[in-house]
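Student: Below are the sequence and a predicted model for it; my questions follow.
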Amino acid sequence: MKSAFRNGYFTLSRSLNPNPNPNPTLPSTLFSLHLIPHSSTPSVRPQPFRSVSPIGKFSRVSFTSMAGSEPYAPPPLEKQFEDFRAQLEESGTLRERIRAVVMEIESTTRLIQASLLLVHQSRSTPEVLEKPKAQIAVLKELYNRLAGIVGESPGLYYRYHGDWRTETQTVVSLLGFMHWLETGALLLHTEAEEKLGLSGLEFALDVEDYLVGICFMSNELPRYVVNQVTAGDYDCPRKVMMFLTDLHAAFRLLNLRNDFLRKKFDGMKYDLRRVEEVYYDVKIRGLAANGDSVERPAAQGQP
Amino acid sequence: MATESSSSSSSSSSMKDAFTKYADYLNNQNDKRERIVKASRDITIHSKKVIFQVHRMSKGNREEVLQKAEKDLAAVTNQFVSRLVKELGGTDFWKLRRAYSPGIQEYVEAATFCKFCRTGTLLNLDEMNATLFPLSDPSLEPLQINVLDYLLGLADLTGELMRLAIGRISDGELEFAQKICKFVRDIYRELTLVVPSMDDSNDMKTKMDTMLQSVMKIENACFSVHVRGSEYMPLLGSEDPTSFILGVPNVDI
């Protein structure tokens, strides 16, 4: 703003200087303004610009009297803006409280993520899951708190949604991965809500966030498969491939817009392809358990 | 193996069921968003027309032009804003805000523009929202313009006021131009204090820069008239020096 201010001043002096020929034949009384007809020094008239600055009360008063319009009275305009400021500051405070909880959620997801990384190091699944599963209770408590804060102003969920969106997507991906490791099935939206203790609350898990989270989970699977095979679990590629094929088929039921979710979904086919490649490598070397691979011949045909 | 494959097929069918539900949800949501975008676009188009109508104002036809503009604005409210209200159906005001925000901003711009030209004052958000109450079904939550959209609309208003001020100056209505100048400065000053606490203020920050440009354009124009006033006579714009002399008898500023 400072520089713009200065620009304005220069424009002013420029437009003033090339004016050496004011017409003196016209009486200035023709104008309602109190003209200074021949002024050619820029310093005479910088006042109007000063009122652009936030502390402009004085110069505005001087300007109005100079312009000869109605006397200055505190307009109701200011009142409204004061209200706005109070309102916006209040929502700013609410946002800060939300962010504080979200930061805790984030650090909890980091803990979970770190402990889940051990699945790639050929530890037994139940052993790996022990620690992160304990953290779910923490997440539940945090989401409960978040729901409480957001619930104070009903109907404003989506005003602040952006503040917890990415973190929640990560939470879903971790929960989904853990659930899959445990049961081999997909964590459904309702189940995810249940795990976070959000069932029946106004603060619900947004469906799109859930779906994005599931896409993130799918990104984890190729690495898992590769490491499982290295560790000697040759049946894993087949299981993962079937799961991903089903998941991919299920996602294709959705009519997606050209948005983030669409992009994530488009990425899912690369996960599937990678898993198929691993499966192929294992199969062609006769390492996979034989028999049921023919069970779903269509699986190979997926894009 | 057999048990596993049967459990996997049952889980795959429950997956399908669940995704069918998500698909329904997304379809509804997207359709609704699409309808709201359309409604918003209509509001934008017709609000722009109102603004153009106000710009047709000149010294002689002020009353007539404003009356038509106000009539058009009322039509925008009753036809197009009410359709938006209907499409929203009392929900998703924040969720789908991005879909209707542009239209509402333009509508705020048109309404405040009319009001300023009529009374020289700012149309308050509460007053605007009061006119929206009757549009919605009393059993539903009514659409209320939120502070953010209102402020974004006001930021655009200054651009129109700049055009109006320049037009008024060339038409010789200097006092009106001065009034516009003061009003725009007031808005700019008030907004500088509000902007930092707005939700996503980036949009607004660029608007503030444009707004300062507008303020300065008005000020420079006022300044030019002020200093070189003698050269700005009623038939301004004409390069012909005789027109200036011809214009003198008509001076009634």
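Tutor: Happy to help now that I have it. Remember, predicted model here, so these are calculated numbers, not experimental data.

Student: what about residue 80, how many neighbours?
Tutor: All of this refers to chain A. Using other C-beta atoms under 10 Å in any protein chain shown, residue A:80 is surrounded by 19 other residues. Bear in mind the C-beta positions are built from the backbone N, C-alpha and C, glycine included.

Student: hm, I was asking about chain B
Tutor: Look at residue B:80: counted by other C-beta under 10 Å, it has 21 neighbours.

Student: do residue A:218 as well
Tutor: Close neighbours of residue A:218, defined as other C-beta under 10 Å, add up to 28.

Student: Residue A:247 is in contact with that one, correct?
Tutor: Yes. The pair residue A:218 and residue A:247 qualifies as a contact (C-beta atoms under 8 Å) at a distance of 6.5 Å.

Student: Now the common contact residues for the two.
Tutor: Common neighbours of residue A:218 and residue A:247 are listed as residue A:268 (criterion: C-beta atoms under 8 Å, 6 or more residues apart in numbering or on different chains).

Student: Once you drop chain neighbours, what's closest to residue A:163?
Tutor: The spatially closest residue to residue A:163, leaving aside those adjacent along the chain, is residue A:98, at 5.1 Å (C-beta to C-beta, 6 or more residues apart in numbering or on different chains).

Student: Find me the pLDDT at the one you found, would you?
Tutor: According to the prediction, residue A:98 has pLDDT 95.

Student: on contacts alone, who are the packing partners of the helix or strand hosting it?
Tutor: Assigned by DSSP states H and E, residue A:98 belongs to helix A:76-116. Contact here means 3 or more C-beta pairs under 8 Å, 6 or more residues apart in numbering or on different chains; DSSP states H and E; on that basis helix A:76-116 packs against helix A:125-151, helix A:157-160, helix A:165-183, helix B:125-132, helix B:147-170, helix B:174-194.

Student: For residue 215, identify the helix or strand it belongs to.
Tutor: I'll assume chain A. Secondary structure from DSSP H and E places residue A:215 in helix A:207-230.

Student: Hmm, no, I was thinking of chain B.
Tutor: Per DSSP H and E, residue B:215 falls inside helix B:201-227.

Student: State the mean pLDDT of that helix.
Tutor: For helix B:201-227, mean pLDDT rounds to 89.

Student: Let me know the distance separating residue B:119 from residue A:79.
Tutor: 16 Å (C-beta to C-beta, to the nearest Å).

Student: burial measure for residue B:71, as a count.
Tutor: Using other C-beta under 10 Å, residue B:71 has 11 other residues around it.

Student: Neighbours of residue A:178, how many?
Tutor: 24.

Student: my read: it touches residue A:128, true?
Tutor: No. Residue A:178 is beyond contact range of residue A:128, at 9.3 Å (criterion: C-beta under 8 Å).

Student: who touches both of these two?
Tutor: Common neighbours of residue A:178 and residue A:128, counting by C-beta under 8 Å, 6+ apart, are residue A:116.

Student: of the helices and strands packed on helix A:76-116, which approaches residue B:75 most closely?
Tutor: helix B:125-132 (13.0 Å; C-beta to C-beta).

Student: From the rest of the structure, what touches that closest one?
Tutor: A:80, A:84, B:77, B:81, B:85, B:108, B:111, B:142-145, B:147, B:150.

Student: Point out where the stretch 1-150 of chain A drops to low pLDDT.
Tutor: The stretch 1-150 of chain A contains residues with pLDDT under 70 at A:1-75.

Student: So chain B: which segments form each domain?
Tutor: What automatic domain parsing lists as the domains of chain B is B:11-145, B:147-231.

Student: so of the ones you listed, which one's packed in deepest?
Tutor: domain B:147-231 (a mean of 20; mean count of other C-beta atoms under 10 Å in any protein chain shown).

Student: who does the longest helix anywhere in chain B touch, helix- and strand-wise?
Tutor: The residue-count maximum for a helix in chain B (DSSP state H) belongs to helix B:2-55. Counting by 3+ C-beta pairs under 8 Å, 6+ apart, the packing neighbours recorded for helix B:2-55 are helix A:189-195, helix A:207-230, helix A:236-251, helix B:62-75, helix B:82-88, helix B:97-119, helix B:147-170.

Student: What is the first one packed up against?
Tutor: Looking back up the chat, that one is helix A:189-195. helix A:125-151, helix A:165-183, helix A:207-230, helix B:2-55.

Student: circling back to that earlier point, how far away from the center of its chain is the helix holding residue A:215?
Tutor: Computed by C-alpha atoms, centre = their mean, to the nearest Å, the chain-centroid distance of helix A:207-230 equals 21 Å.

Student: Pull out the buried positions in that helix.
Tutor: For helix A:207-230, burial by neighbour count (16 or more other C-beta atoms under 10 Å in any protein chain shown) applies to A:207-218, A:220-222, A:224-226, A:228-229.

Student: what angle separates it from helix A:236-251?
Tutor: Counting by axes from the mean of the first three to the mean of the last three C-alpha atoms, to 10 degrees, helix A:207-230 lies at 160 degrees to helix A:236-251.

Student: Quick one: name the residues of the stretch 101-250 of chain A near chain B.
Tutor: A:155-159, A:161, A:184-186, A:188-190, A:207-208, A:211, A:242-243, A:246-247, A:249-250 (C-beta under 8 Å from any C-beta of the partner chain).

Student: out of these, which are buried?
Tutor: Buried members of these, scored by 16+ other C-beta under 10 Å, are A:156-157, A:159, A:185-186, A:188-189, A:207-208, A:211, A:242-243, A:246-247, A:249-250.

Student: which among the residues you listed gets closest to residue B:161?
Tutor: residue A:159 (29.7 Å).

Student: what pLDDT does the residue nearest to that closest one when sequence neighbours are not counted get?
Tutor: Once flanking residues are discounted, residue A:159 sits nearest to residue B:94: 4.4 Å by C-beta to C-beta, 6+ apart. With respect to pLDDT, residue B:94 scores 92.

Student: Check residue A:302 too.
Tutor: Predicted confidence (pLDDT) for residue A:302: 41.

Student: Equivalent analysis for residue B:12, please.
Tutor: pLDDT, residue B:12: 72.

Student: for residue B:25, what are its contacts?
Tutor: Counting by C-beta under 8 Å, 6+ apart, the residues that residue B:25 touches are residue A:207.

Student: quick one: contacts for residue A:209?
Tutor: Shown in contact with residue A:209 (C-beta under 8 Å, 6+ apart): A:165, A:168-169, A:172.

Student: Good, we can wrap up now.
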